[in-house]
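> Quick one, structure for this:
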Amino acid sequence: GDLAGAKQEELTRGWKHILTDQFHDIIPGSSIHEVYEDSRKDYTYIEGIAREVEREAYENVFEHEKDSYTVINASGWTMDQTVAVFEERVGIYRDQDGKELKSQKEQGVTYVEVKDVPAMGTKLITFEERREDDLAGDGSREKDASVFSVSDRVIETPYYQIALNQYGQITRLYDKTCARDVVPEGQRANVLQVFEDKPLDFDAWDIDIFYQEKMREITELTSFAVTEQGPVRLVVHMEWSYLHSTIAQDMILYAAQPGIDFVTKVDFHETHQLLKAAFPVDIRSTYATFDVQYGNVRRPNHWNTSWDQAKFETVAHRFADLSEHGYGVSLLNDCKYGHDVKDNVLRITLIKAATHPDHSQDQGEHFFTYSLLPHRGDFVEGRTVQQAAALNVPLTAEPGVLAFPAENAGAGRSFLSFDRECVELDAVKKTEDGKHIAVRFHDFTGGTNRIAVQTGFRWKRFCVCDLRERPLGDWAECREICLTVKPYEIVTLLFEI
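Now for the predicted structure:
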């Protein structure tokens, strides 16, 4: 490739705007109202830059081929996921080996189960148009559709048995794979809770510990319906009313994925009220694990000391996890960062409606997704990091095929991959001096691991560098790149191409 073709200047311009809008008073909602009028325009401008760079890249990378789609995996792991294909016609999908893939046609979109999409790579799928009558007579499709069953408010999936009460709350969640109940007997999960939020100082900044003394549950369920049921996924749509606000939520269950997604839209018109979602889980542990940049942090889930008690509300980026030996439960999200974990209850903070310095903070529509992931082992064995990454940056399907397929593209090829899943890829970029490719990754397991880096691009030599992209040793020309990565170590490699 040619580094000169990389749109680094455009991306840097957008990145500088992002940094401005992530100033410590802007991003958490503690600025005056006019700041958010400006930042909203900024984010539209930033997205425009990114979309234009993406459009130009796709024009160079893909070429049109009827009924062909290229599934893109931007992560550093091989992934299986349900992919949204925006195809109006009825038919079937096949992978690049000709095997038919499970799919489910809904309004304006088809959901396709795609497996083994290589790390930082692509996989080709093709569409074959069929008549609805032909598909209706396919007995195997009827059998696939039966993977879900719904009786009143009791649901069965390949992974779970779920019971919901008259309020839309989960009263039983039985993990069929591990043969155990996730929700303790007599307790309820996905409980939407509203707390009075009147901190003594700094209305938009603080949550004071006494907020927990006044709590209401949102129980006025106004709508409950199964809106999708097929071989790939089941969707239960629920709506609630609360004072002047409404909440609409799709609980999405998958045939081939263990996560339970809660895709939520809130039209919020309350003040000094804090909205959370609570999940009591049948786990006994003295700490929870919280995702942060370049790793994770363990924090106590008890109040044994004043220091522990001071952590009644804590930050996490993509997940919070509560695990005991052999089993655990993770609560994932795509844009929320406030959590509290006390004893066996995982809670995520969704909305905080202060009135100072912005009189209209959090008023209006909100769109977000959180997801429950029961799993074997701890968060590492349960692949929580991988699933959280997939929730935030899902696989996408783009029309067309690669314009310059590699010799082994038929089997799927990675631009970059690792021989072990203990590290997460953070960045692949042109260096600031414009001369090299920088690859950055980190360990998230908290262990020392020997890993091999495999590249799908041509390069002359490489070296390890620091975060400022300054070489730390000699350049090497050997084709095998093997490194020992220490616990939570951030590694950056330079490649001369």
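> what's stretch 162-182 in contact with?
153-156, 158-161, 183, 188-191, 217, 219, 221, 224, 236, 238, 240, 249, 253, 258, 281-282, 327, 329, 372, 374, 376 (Cβ atoms under 8 Å, 6 or more residues apart in numbering). In this view, the C-beta of every residue, glycine as well, is placed from N, C-alpha and C.
> correction: stretch 293-302
Under Cβ under 8 Å, 6+ apart, the answer for stretch 293-302 is 285-290, 308, 311, 314, 317, 322, 341-344, 379, 426, 442-444, 446, 488, 490.
> Go ahead and name everything in contact with stretch 39-57.
7, 10, 11, 13, 14, 17, 18, 20, 21, 26.
> Next step: the residues you listed restricted to helices.
10, 11, 13, 14, 17, 18, 20, 21 (DSSP state H).
> Which of those ranks first by neighbour count?
residue 14 (20 neighbours; other Cβ atoms under 10 Å).
> Give me the distance between residue 275 and residue 219.
14 Å (Cβ to Cβ, to the nearest Å).
> Tell me which of the two has more neighbours.
Shown here are residue 275 and residue 219; by other Cβ under 10 Å, residue 275 has more neighbours (24 against 15).
> pretty sure the more buried one contacts residue 197?
No: if you go by Cβ atoms under 8 Å, residue 275 and residue 197 don't touch, sitting 9.4 Å apart.
> rewinding a little: could you redo the ones in helices among the contacts of stretch 39-57 as CSV and give each row distance to residue 457 and pLDDT?
CSV is the format used below for the ones in helices among the contacts of stretch 39-57 (distance: Cβ to Cβ, whole Å; pLDDT from 0 to 100):
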residue, distance to residue 457, pLDDT
10, 22, 93
11, 19, 93
13, 26, 95
14, 24, 96
17, 30, 95
18, 27, 95
20, 33, 94
21, 33, 94
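> Skip the chain neighbours and tell me the closest residue to residue 74.
residue 393 (5.5 Å; Cβ to Cβ, 6 or more residues apart in numbering).
> Wait, that neighbour touches residue 73, no?
No: using Cβ under 8 Å as the test, residue 393 is too far from residue 73 to be in contact (9.2 Å).
> hmm, back to that, of the contacts of stretch 39-57, closest to residue 350?
Among the contacts of stretch 39-57, residue 26 lies closest to residue 350 (Cβ to Cβ), at 19.7 Å.
> Identify the residues contacting that closest one.
Per Cβ under 8 Å, 6+ apart, neighbours of residue 26: 20, 35, 36, 39.
> mind pulling up the phi and psi values for the closest residue to the second one other than its chain neighbours?
In this case it means residue 35. Of all residues not flanking residue 35 in the chain, residue 26 sits nearest, at 5.9 Å (Cβ to Cβ, 6+ apart). In terms of degrees, to the nearest 10, the main-chain angles of residue 26 are phi -80, psi -50.
> where's residue 26 relative to residue 313, distance?
For residue 26 relative to residue 313 (Cβ to Cβ), the value is 20 Å.
> ok, now residue 247?
Relative to residue 313, and taking Cβ to Cβ, residue 247 is found at 22 Å.
> With that, I have no additional questions.
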